[in-house]
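> Okay, structure incoming, though there's no sequence with it:
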Ligand SMILES: [Zn+2]
(Lines give C-alpha, C1' and ligand atoms only; values in the text may rest on other atoms or scores of the structure.)
Protein backbone atom coordinates (compact mmCIF):
# COMPACT_ATOMS: atom_id res chain seq x y z
CA UNK A 1 0.00 0.00 0.00
CA UNK A 2 1.44 3.43 -0.92
CA UNK A 3 2.34 5.46 2.15
CA UNK A 4 2.31 9.29 2.09
CA UNK A 5 5.07 11.33 3.72
CA UNK A 6 2.69 12.81 6.27
CA UNK A 7 1.55 9.65 8.11
CA UNK A 8 -1.16 7.13 7.24
CA UNK A 9 -3.77 7.91 4.59
CA UNK A 10 -7.46 8.18 5.38
CA UNK A 11 -7.96 4.76 3.77
CA UNK A 12 -5.28 3.17 5.96
CA UNK A 13 -6.88 4.71 9.07
CA UNK A 14 -10.25 3.35 8.00
CA UNK A 15 -8.79 -0.14 7.42
CA UNK A 16 -7.07 -0.05 10.80
CA UNK A 17 -10.36 0.91 12.45
CA UNK A 18 -12.20 -1.93 10.69
CA UNK A 19 -9.55 -4.44 11.76
CA UNK A 20 -9.76 -3.17 15.36
CA UNK A 21 -13.56 -3.45 15.39
CA UNK A 22 -13.33 -7.01 14.00
CA UNK A 23 -10.80 -7.87 16.67
CA UNK A 24 -13.01 -6.52 19.48
CA UNK A 25 -16.02 -8.32 17.99
CA UNK A 26 -14.09 -11.55 17.66
CA UNK A 27 -12.81 -11.34 21.23
CA UNK A 28 -16.36 -10.92 22.47
CA UNK A 29 -17.37 -14.17 20.73
CA UNK A 30 -14.20 -16.12 21.25
CA UNK A 31 -14.88 -17.98 24.49
CA UNK A 32 -18.34 -19.21 23.55
CA UNK A 33 -17.33 -20.07 19.98
CA UNK A 34 -14.24 -21.89 21.14
CA UNK A 35 -16.28 -24.02 23.51
CA UNK A 36 -18.78 -24.87 20.77
CA UNK A 37 -16.00 -25.53 18.23
CA UNK A 38 -14.13 -27.83 20.64
CA UNK A 39 -17.34 -29.70 21.34
CA UNK A 40 -18.08 -30.10 17.65
CA UNK A 41 -14.53 -31.18 16.75
CA UNK A 42 -14.60 -33.75 19.52
CA UNK A 43 -18.05 -35.07 18.58
CA UNK A 44 -17.06 -35.49 14.92
CA UNK A 45 -13.92 -37.35 15.93
CA UNK A 46 -15.68 -39.62 18.40
CA UNK A 47 -18.56 -40.28 16.00
CA UNK A 48 -16.30 -41.87 13.40
CA UNK A 49 -13.78 -43.59 15.67
CA UNK A 50 -15.75 -44.80 18.65
CA UNK A 51 -15.16 -46.23 21.11
CA UNK A 52 -12.00 -44.37 22.00
CA UNK A 53 -10.25 -42.93 25.03
CA UNK A 54 -9.84 -39.30 26.06
CA UNK A 55 -6.18 -39.60 25.11
CA UNK A 56 -7.10 -40.87 21.62
CA UNK A 57 -9.45 -37.91 21.24
CA UNK A 58 -6.75 -35.48 22.32
CA UNK A 59 -4.32 -36.95 19.78
CA UNK A 60 -6.90 -37.06 16.99
CA UNK A 61 -8.25 -33.53 17.47
CA UNK A 62 -5.20 -31.64 18.74
CA UNK A 63 -7.26 -30.43 21.72
CA UNK A 64 -5.44 -30.33 25.06
CA UNK A 65 -6.15 -33.14 27.55
CA UNK A 66 -7.80 -30.53 29.80
CA UNK A 67 -10.15 -29.38 27.01
CA UNK A 68 -11.02 -32.96 26.12
CA UNK A 69 -11.72 -33.70 29.75
CA UNK A 70 -14.00 -30.62 30.11
CA UNK A 71 -15.92 -31.25 26.93
CA UNK A 72 -16.40 -34.98 27.55
CA UNK A 73 -17.67 -34.26 31.08
CA UNK A 74 -20.22 -31.87 29.57
CA UNK A 75 -21.24 -34.48 26.94
CA UNK A 76 -21.55 -37.24 29.55
CA UNK A 77 -23.67 -34.97 31.78
CA UNK A 78 -25.99 -34.31 28.84
CA UNK A 79 -26.32 -38.03 28.08
CA UNK A 80 -24.77 -37.77 24.60
CA UNK A 81 -21.60 -39.68 25.49
CA UNK A 82 -21.31 -42.73 27.71
CA UNK A 83 -18.38 -44.61 29.15
CA UNK A 84 -17.88 -48.01 27.53
CA UNK A 85 -15.40 -50.10 29.50
CA UNK A 86 -11.66 -49.59 29.47
CA UNK A 87 -8.48 -50.78 27.78
CA UNK A 88 -5.04 -51.37 29.24
CA UNK A 89 -2.47 -48.73 28.41
CA UNK A 90 1.27 -49.37 28.29
CA UNK A 91 2.22 -49.63 31.93
CA UNK A 92 -0.19 -46.88 33.02
CA UNK A 93 -3.70 -46.87 34.37
CA UNK A 94 -6.35 -48.48 32.18
CA UNK A 95 -7.95 -45.94 29.86
CA UNK A 96 -11.70 -45.45 29.91
CA UNK A 97 -13.33 -45.77 26.52
CA UNK A 98 -16.04 -43.36 25.40
CA UNK A 99 -18.82 -43.77 22.91
CA UNK A 100 -21.85 -41.90 21.66
CA UNK A 101 -25.02 -43.15 23.34
CA UNK A 102 -27.01 -44.53 20.39
CA UNK A 103 -30.27 -43.89 22.22
CA UNK A 104 -29.62 -40.21 22.92
CA UNK A 105 -31.68 -39.32 19.85
CA UNK A 106 -32.96 -40.68 16.56
CA UNK A 107 -33.01 -39.57 12.94
CA UNK A 108 -35.25 -40.44 10.02
CA UNK A 109 -34.04 -40.82 6.43
CA UNK A 110 -36.43 -40.75 3.48
CA UNK A 111 -35.65 -41.88 -0.06
CA UNK A 112 -38.14 -40.59 -2.59
CA UNK A 113 -37.29 -42.65 -5.65
CA UNK A 114 -39.19 -43.17 -8.86
CA UNK A 115 -40.04 -46.78 -8.04
CA UNK A 116 -40.63 -46.49 -4.29
CA UNK A 117 -40.69 -44.26 -1.22
CA UNK A 118 -38.58 -45.62 1.59
CA UNK A 119 -38.62 -44.28 5.14
CA UNK A 120 -36.09 -45.51 7.73
CA UNK A 121 -35.59 -44.75 11.39
CA UNK A 122 -32.05 -44.87 12.79
CA UNK A 123 -30.54 -44.38 16.20
CA UNK A 124 -27.77 -41.84 16.65
CA UNK A 125 -25.09 -44.30 15.52
CA UNK A 126 -27.08 -45.17 12.38
CA UNK A 127 -28.32 -48.59 13.37
CA UNK A 128 -31.63 -49.09 11.62
CA UNK A 129 -34.53 -49.35 14.03
CA UNK A 130 -37.52 -49.50 11.69
CA UNK A 131 -38.45 -49.04 8.07
CA UNK A 132 -41.43 -48.58 5.80
CA UNK A 133 -41.44 -49.09 2.05
CA UNK A 134 -44.07 -47.99 -0.47
CA UNK A 135 -43.68 -49.17 -4.08
CA UNK A 136 -44.91 -46.62 -6.64
CA UNK A 137 -46.70 -47.22 -9.92
CA UNK A 138 -44.55 -46.29 -12.93
CA UNK A 139 -44.87 -42.61 -13.77
CA UNK A 140 -46.99 -41.91 -10.68
CA UNK A 141 -45.12 -39.09 -8.99
CA UNK A 142 -48.06 -36.93 -7.85
CA UNK A 143 -46.88 -34.47 -5.22
CA UNK A 144 -49.81 -35.03 -2.84
CA UNK A 145 -49.43 -38.81 -3.01
CA UNK A 146 -45.66 -38.63 -2.34
CA UNK A 147 -46.17 -36.25 0.60
CA UNK A 148 -48.82 -38.61 1.96
CA UNK A 149 -46.47 -41.64 1.65
CA UNK A 150 -43.64 -39.80 3.41
CA UNK A 151 -45.85 -38.67 6.30
CA UNK A 152 -47.44 -42.11 6.64
CA UNK A 153 -43.96 -43.65 6.63
CA UNK A 154 -42.74 -41.31 9.36
CA UNK A 155 -45.69 -42.26 11.56
CA UNK A 156 -45.19 -45.95 10.81
CA UNK A 157 -41.46 -46.10 11.65
CA UNK A 158 -41.94 -44.11 14.87
CA UNK A 159 -44.70 -46.50 15.94
CA UNK A 160 -42.88 -49.71 15.00
CA UNK A 161 -39.58 -48.46 16.46
CA UNK A 162 -41.44 -47.37 19.64
CA UNK A 163 -39.77 -43.96 19.48
CA UNK A 164 -41.39 -40.78 20.75
CA UNK A 165 -41.31 -38.01 18.08
CA UNK A 166 -39.75 -35.72 20.68
CA UNK A 167 -36.65 -37.95 20.69
CA UNK A 168 -36.09 -37.38 16.95
CA UNK A 169 -33.35 -34.90 16.06
CA UNK A 170 -34.58 -34.42 12.52
CA UNK A 171 -35.68 -35.86 9.21
CA UNK A 172 -33.60 -35.91 6.03
CA UNK A 173 -35.28 -36.41 2.66
CA UNK A 174 -33.52 -37.38 -0.58
CA UNK A 175 -35.48 -36.63 -3.76
CA UNK A 176 -34.81 -36.99 -7.48
CA UNK A 177 -34.25 -33.71 -9.32
CA UNK A 178 -32.71 -30.40 -8.44
CA UNK A 179 -33.18 -29.14 -4.89
CA UNK A 180 -32.92 -25.37 -4.63
CA UNK A 181 -31.76 -24.49 -1.13
CA UNK A 182 -33.20 -20.97 -0.89
CA UNK A 183 -35.31 -19.31 1.82
CA UNK A 184 -37.90 -21.92 0.84
CA UNK A 185 -36.62 -25.31 -0.32
CA UNK A 186 -37.94 -25.99 -3.84
CA UNK A 187 -37.72 -29.23 -5.80
CA UNK A 188 -37.42 -29.03 -9.59
CA UNK A 189 -38.07 -32.49 -11.05
CA UNK A 190 -38.08 -31.72 -14.75
CA UNK A 191 -38.19 -35.40 -15.76
CA UNK A 192 -41.15 -36.40 -13.57
CA UNK A 193 -43.25 -33.25 -13.60
CA UNK A 194 -42.37 -31.47 -10.35
CA UNK A 195 -41.98 -27.74 -10.88
CA UNK A 196 -40.72 -25.71 -7.93
CA UNK A 197 -42.49 -27.97 -5.43
CA UNK A 198 -42.22 -26.50 -1.88
CA UNK A 199 -41.73 -29.94 -0.37
CA UNK A 200 -40.70 -28.81 3.14
CA UNK A 201 -43.79 -26.59 3.42
CA UNK A 202 -46.04 -29.44 2.26
CA UNK A 203 -44.50 -31.87 4.77
CA UNK A 204 -45.10 -29.30 7.53
CA UNK A 205 -48.78 -30.20 7.32
CA UNK A 206 -47.95 -33.50 9.00
CA UNK A 207 -44.76 -33.07 11.03
CA UNK A 208 -43.18 -30.43 13.19
CA UNK A 209 -39.78 -32.15 13.22
CA UNK A 210 -36.74 -30.36 11.72
CA UNK A 211 -36.52 -31.16 7.99
CA UNK A 212 -33.57 -31.20 5.59
CA UNK A 213 -34.06 -31.95 1.90
CA UNK A 214 -31.43 -32.71 -0.71
CA UNK A 215 -31.02 -34.43 -4.05
CA UNK A 216 -30.99 -38.23 -3.67
CA UNK A 217 -27.70 -38.72 -5.50
CA UNK A 218 -26.13 -36.21 -3.13
CA UNK A 219 -27.52 -37.99 -0.06
CA UNK A 220 -26.27 -41.33 -1.41
CA UNK A 221 -22.89 -39.69 -1.97
CA UNK A 222 -22.85 -38.62 1.69
CA UNK A 223 -23.69 -42.15 2.85
CA UNK A 224 -20.93 -43.75 0.75
CA UNK A 225 -18.38 -41.15 1.82
CA UNK A 226 -19.30 -41.31 5.52
CA UNK A 227 -19.70 -45.06 5.89
CA UNK A 228 -19.16 -46.87 2.59
CA UNK A 229 -16.88 -47.26 -0.40
CA UNK A 230 -15.88 -43.59 -0.49
CA UNK A 231 -14.80 -43.27 3.12
CA UNK A 232 -11.72 -41.06 3.28
CA UNK A 233 -11.79 -40.14 -0.43
CA UNK A 234 -11.12 -36.46 -1.15
CA UNK A 235 -12.17 -36.60 -4.80
CA UNK A 236 -14.88 -39.04 -5.84
CA UNK A 237 -18.01 -39.30 -7.92
CA UNK A 238 -20.85 -41.39 -6.55
CA UNK A 239 -23.23 -42.39 -9.36
CA UNK A 240 -26.89 -43.06 -8.64
CA UNK A 241 -28.49 -45.19 -11.33
CA UNK A 242 -32.15 -46.11 -11.00
CA UNK A 243 -34.99 -44.97 -13.24
CA UNK A 244 -33.15 -41.67 -13.35
CA UNK A 245 -29.41 -41.13 -13.39
CA UNK A 246 -27.52 -38.63 -11.26
CA UNK A 247 -24.23 -38.17 -9.49
CA UNK A 248 -22.74 -36.67 -6.38
CA UNK A 249 -19.42 -35.00 -7.00
CA UNK A 250 -17.16 -35.00 -3.95
CA UNK A 251 -14.38 -32.45 -4.34
CA UNK A 252 -11.85 -31.72 -1.59
CA UNK A 253 -13.90 -33.91 0.74
CA UNK A 254 -17.22 -32.12 0.34
CA UNK A 255 -20.17 -32.19 -2.05
CA UNK A 256 -19.74 -29.90 -5.03
CA UNK A 257 -23.03 -28.05 -5.59
CA UNK A 258 -22.42 -25.42 -8.23
CA UNK A 259 -24.14 -22.02 -8.37
CA UNK A 260 -27.70 -23.20 -7.63
CA UNK A 261 -27.07 -26.67 -6.20
CA UNK A 262 -27.79 -28.58 -9.42
CA UNK A 263 -24.24 -29.84 -10.03
CA UNK A 264 -24.11 -33.56 -10.73
CA UNK A 265 -26.95 -33.88 -13.27
CA UNK A 266 -24.79 -36.46 -15.02
CA UNK A 267 -27.80 -38.28 -16.50
CA UNK A 268 -28.52 -35.29 -18.73
CA UNK A 269 -25.09 -34.94 -20.25
CA UNK A 270 -25.20 -35.85 -23.95
CA UNK A 271 -23.62 -39.11 -25.09
CA UNK A 272 -25.21 -39.27 -28.59
CA UNK A 273 -25.84 -36.06 -30.54
CA UNK A 274 -29.36 -36.34 -31.93
CA UNK A 275 -29.86 -39.62 -30.06
CA UNK A 276 -32.85 -41.07 -28.21
CA UNK A 277 -35.45 -38.70 -26.76
CA UNK A 278 -34.86 -38.02 -23.08
CA UNK A 279 -37.52 -37.30 -20.47
CA UNK A 280 -35.89 -33.91 -19.88
CA UNK A 281 -36.89 -32.78 -23.38
CA UNK A 282 -33.41 -33.05 -24.85
CA UNK A 283 -32.00 -35.91 -26.94
CA UNK A 284 -29.14 -38.35 -26.53
CA UNK A 285 -28.76 -37.92 -22.75
CA UNK A 286 -26.94 -40.64 -20.79
CA UNK A 287 -30.18 -41.33 -18.88
CA UNK A 288 -31.93 -42.11 -22.21
CA UNK A 289 -29.57 -45.11 -22.54
CA UNK A 290 -28.70 -46.31 -19.02
CA UNK A 291 -31.74 -45.27 -16.94
CA UNK A 292 -33.70 -48.42 -15.98
CA UNK A 293 -36.76 -47.58 -18.10
CA UNK A 294 -34.52 -46.64 -21.04
CA UNK A 295 -32.80 -50.05 -20.88
CA UNK A 296 -36.18 -51.82 -20.85
CA UNK A 297 -37.40 -49.65 -23.74
CA UNK A 298 -34.27 -50.44 -25.76
CA UNK A 299 -34.92 -54.15 -25.21
CA UNK A 300 -38.48 -53.57 -26.35
CA UNK A 301 -39.98 -56.99 -25.51
CA UNK A 302 -42.43 -57.42 -22.63
CA UNK A 303 -41.07 -58.53 -19.25
CA UNK A 304 -43.26 -59.24 -16.25
CA UNK A 305 -43.34 -57.35 -12.98
CA UNK A 306 -42.49 -53.81 -11.97
CA UNK A 307 -39.48 -51.92 -13.31
CA UNK A 308 -37.10 -53.38 -10.74
CA UNK A 309 -38.09 -57.01 -11.37
CA UNK A 310 -38.25 -56.48 -15.15
CA UNK A 311 -34.65 -55.25 -15.21
CA UNK A 312 -33.53 -58.18 -13.05
CA UNK A 313 -35.35 -60.53 -15.49
CA UNK A 314 -33.60 -58.89 -18.44
CA UNK A 315 -30.22 -59.39 -16.76
CA UNK A 316 -31.09 -63.06 -16.18
CA UNK A 317 -32.03 -63.46 -19.85
CA UNK A 318 -28.61 -62.29 -21.03
CA UNK A 319 -27.27 -65.88 -20.85
CA UNK A 320 -29.88 -67.24 -23.26
CA UNK A 321 -31.16 -64.29 -25.30
CA UNK A 322 -28.84 -62.62 -27.83
CA UNK A 323 -31.09 -59.55 -27.84
CA UNK A 324 -30.92 -59.18 -24.04
CA UNK A 325 -27.14 -59.68 -24.10
CA UNK A 326 -26.73 -57.05 -26.80
CA UNK A 327 -28.82 -54.48 -24.88
CA UNK A 328 -26.79 -55.06 -21.73
CA UNK A 329 -23.45 -54.91 -23.57
CA UNK A 330 -24.51 -51.62 -25.09
CA UNK A 331 -25.59 -50.38 -21.64
CA UNK A 332 -22.13 -51.20 -20.25
CA UNK A 333 -20.60 -49.25 -23.14
CA UNK A 334 -22.75 -46.16 -22.54
CA UNK A 335 -22.14 -46.34 -18.81
CA UNK A 336 -18.40 -46.62 -19.43
CA UNK A 337 -18.52 -43.61 -21.75
CA UNK A 338 -20.39 -41.60 -19.11
CA UNK A 339 -17.80 -42.60 -16.51
CA UNK A 340 -14.94 -41.72 -18.87
CA UNK A 341 -16.42 -38.23 -19.22
CA UNK A 342 -16.42 -37.89 -15.42
CA UNK A 343 -12.81 -39.08 -15.26
CA UNK A 344 -11.57 -36.67 -17.93
CA UNK A 345 -13.53 -33.76 -16.53
CA UNK A 346 -13.06 -34.20 -12.77
CA UNK A 347 -10.00 -36.39 -12.17
CA UNK A 348 -11.59 -38.32 -9.26
CA UNK A 349 -9.77 -40.97 -7.22
CA UNK A 350 -12.89 -43.07 -7.16
CA UNK A 351 -16.06 -43.66 -9.14
CA UNK A 352 -18.68 -45.46 -7.05
CA UNK A 353 -21.71 -47.04 -8.71
CA UNK A 354 -24.89 -47.21 -6.66
CA UNK A 355 -28.66 -47.07 -6.89
CA UNK A 356 -30.74 -50.22 -7.31
CA UNK A 357 -30.08 -50.41 -11.05
CA UNK A 358 -26.42 -49.34 -10.79
CA UNK A 359 -25.78 -52.12 -8.27
CA UNK A 360 -27.56 -54.67 -10.47
CA UNK A 361 -25.72 -53.65 -13.65
CA UNK A 362 -22.37 -53.11 -11.92
CA UNK A 363 -22.68 -56.43 -10.08
CA UNK A 364 -22.92 -58.26 -13.42
CA UNK A 365 -20.88 -56.12 -15.80
CA UNK A 366 -18.25 -54.19 -13.86
CA UNK A 367 -15.30 -55.47 -15.97
CA UNK A 368 -17.07 -54.43 -19.21
CA UNK A 369 -17.98 -51.04 -17.73
CA UNK A 370 -14.38 -50.49 -16.59
CA UNK A 371 -13.07 -51.50 -20.00
CA UNK A 372 -15.38 -49.08 -21.80
CA UNK A 373 -14.34 -46.31 -19.39
CA UNK A 374 -10.67 -47.11 -20.06
CA UNK A 375 -11.15 -46.95 -23.84
CA UNK A 376 -12.88 -43.55 -23.65
CA UNK A 377 -10.77 -41.69 -21.11
CA UNK A 378 -7.24 -40.34 -21.04
CA UNK A 379 -4.70 -42.91 -19.86
CA UNK A 380 -3.19 -40.85 -17.08
CA UNK A 381 -6.35 -39.88 -15.12
CA UNK A 382 -7.90 -43.32 -15.79
CA UNK A 383 -4.89 -45.05 -14.23
CA UNK A 384 -5.47 -43.17 -10.96
CA UNK A 385 -9.21 -43.84 -10.75
CA UNK A 386 -10.82 -46.88 -9.18
CA UNK A 387 -14.32 -47.84 -10.39
CA UNK A 388 -16.23 -49.85 -7.84
CA UNK A 389 -19.65 -50.66 -6.45
CA UNK A 390 -21.23 -48.86 -3.53
CA UNK A 391 -21.07 -50.84 -0.29
CA UNK A 392 -24.29 -49.71 1.34
CA UNK A 393 -26.82 -51.31 -0.98
CA UNK A 394 -29.93 -49.76 -2.45
CA UNK A 395 -30.87 -48.16 0.86
CA UNK A 396 -27.94 -45.74 0.74
CA UNK A 397 -30.12 -42.80 -0.32
CA UNK A 398 -32.24 -43.04 2.86
CA UNK A 399 -29.17 -43.62 5.03
CA UNK A 400 -27.46 -40.59 3.49
CA UNK A 401 -30.58 -38.47 3.95
CA UNK A 402 -30.53 -39.37 7.64
CA UNK A 403 -26.98 -38.01 7.90
CA UNK A 404 -28.35 -34.51 7.18
CA UNK A 405 -29.77 -34.11 10.72
CA UNK A 406 -26.74 -36.01 12.10
CA UNK A 407 -24.45 -33.37 10.61
CA UNK A 408 -26.45 -30.59 12.28
CA UNK A 409 -26.23 -32.47 15.56
CA UNK A 410 -22.45 -32.93 15.32
CA UNK A 411 -22.03 -29.27 14.40
CA UNK A 412 -24.04 -28.29 17.44
CA UNK A 413 -26.78 -26.62 15.40
CA UNK A 414 -29.59 -29.12 16.04
CA UNK A 415 -32.00 -28.77 18.93
CA UNK A 416 -31.58 -31.39 21.67
CA UNK A 417 -34.36 -33.93 21.93
CA UNK A 418 -36.94 -33.21 24.59
CA UNK A 419 -35.68 -34.56 27.91
CA UNK A 420 -38.87 -36.25 29.07
CA UNK A 421 -39.20 -38.36 25.98
CA UNK A 422 -35.85 -40.08 26.09
CA UNK A 423 -37.06 -42.73 28.45
CA UNK A 424 -39.85 -43.53 25.99
CA UNK A 425 -37.32 -45.08 23.67
ZN1 LIG B 1 -32.03 -35.62 -20.44
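Perfect, thanks for sending it. These figures come from a predicted structure and were not determined experimentally.

> Next one: the residue lying closest to residue 245 once chain neighbours are set aside from the ion, what distance?
Spatially, and ignoring its direct neighbours in sequence, residue 245 is nearest to residue 267 (3.1 Å; CB to CB, 6 or more residues apart in numbering). Every C-beta, even on glycine, is put in place using the N, C-alpha and C of the backbone. Note on residue 267: its distance to the ion, by CB to the ion, to the nearest Å, is 6 Å.

> State the mean pLDDT of stretch 243-253.
Computed over stretch 243-253, the mean pLDDT rounds to 96.

> one step back: surely the residue nearest to residue 245 is in contact with residue 243?
No: in this structure residue 267 lies outside contact range of residue 243 using CB atoms under 8 Å: 10.0 Å.

> Give me the common contacts of these two.
residue 291 (CB atoms under 8 Å, 6 or more residues apart in numbering).

> Just list the residues touching residue 359, thanks.
353, 389-390, 393-394.

> Mind giving me the PyMOL select for those residues, buried ones only?
Command for PyMOL, covering only those of the contacts of residue 359 found buried under the criterion 16 or more other CB atoms under 10 Å:
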select buried, resi 353+389+390+394
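
> now the contacts of residue 359 in CSV, with pLDDT, secondary structure and distance to residue 414?
CSV is the format used below for the contacts of residue 359 (pLDDT from 0 to 100; DSSP: H, G, I helix; E, B strand; the rest coil; distance: CB to CB, whole Å):
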residue, pLDDT, secondary structure, distance to residue 414
353, 98, strand, 32
389, 98, strand, 32
390, 98, coil, 27
393, 95, helix, 27
394, 93, helix, 27
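
> now, which of the contacts of residue 359 lie close to the ion?
Checked against the ion using CB under 5 Å from the ion, these give no members in range.

> So which of the contacts of residue 359 is the closest to the ion?
Nearest to the ion among the contacts of residue 359: residue 353, at 19.4 Å, using CB to the ion.

> Identify each buried residue in stretch 271-284, please.
Neighbour-count burial for stretch 271-284 [16+ other CB under 10 Å]: 271, 275, 278-279, 284.

> So that stretch, near the ion or not?
Yes: interface with the ion: stretch 271-284 contributes 278, 280, 282 (CB under 5 Å from the ion).

> same thing with stretch 160-178?
No: judged by CB under 5 Å from the ion, stretch 160-178 stays clear of the ion, getting no closer than 12.0 Å.

> okay, the closest residue to the ion within the stretch 301-425 of the chain: pLDDT?
Per CB to the ion, residue 338 is where the stretch 301-425 of the chain lies closest to the ion, at 12.2 Å. Per-residue pLDDT puts residue 338 at 98.

> Tell me which helix or strand it sits in.
helix 322-346 (DSSP states H and E).

> before we move on, back to that, filter the residues of stretch 271-284 next to the ion down to the ones in strands?
With DSSP state E as the criterion, strands contain none of those.

> Could you tell me how many residues sit around the closest residue to residue 143 other than its chain neighbours?
With sequence-adjacent residues excluded and distances taken as CB to CB, 6+ apart, residue 143 is closest to residue 197, at 5.4 Å. Look at residue 197: counted by other CB atoms under 10 Å, it has 20 neighbours.

> I'm done for today, thanks for sticking with me.
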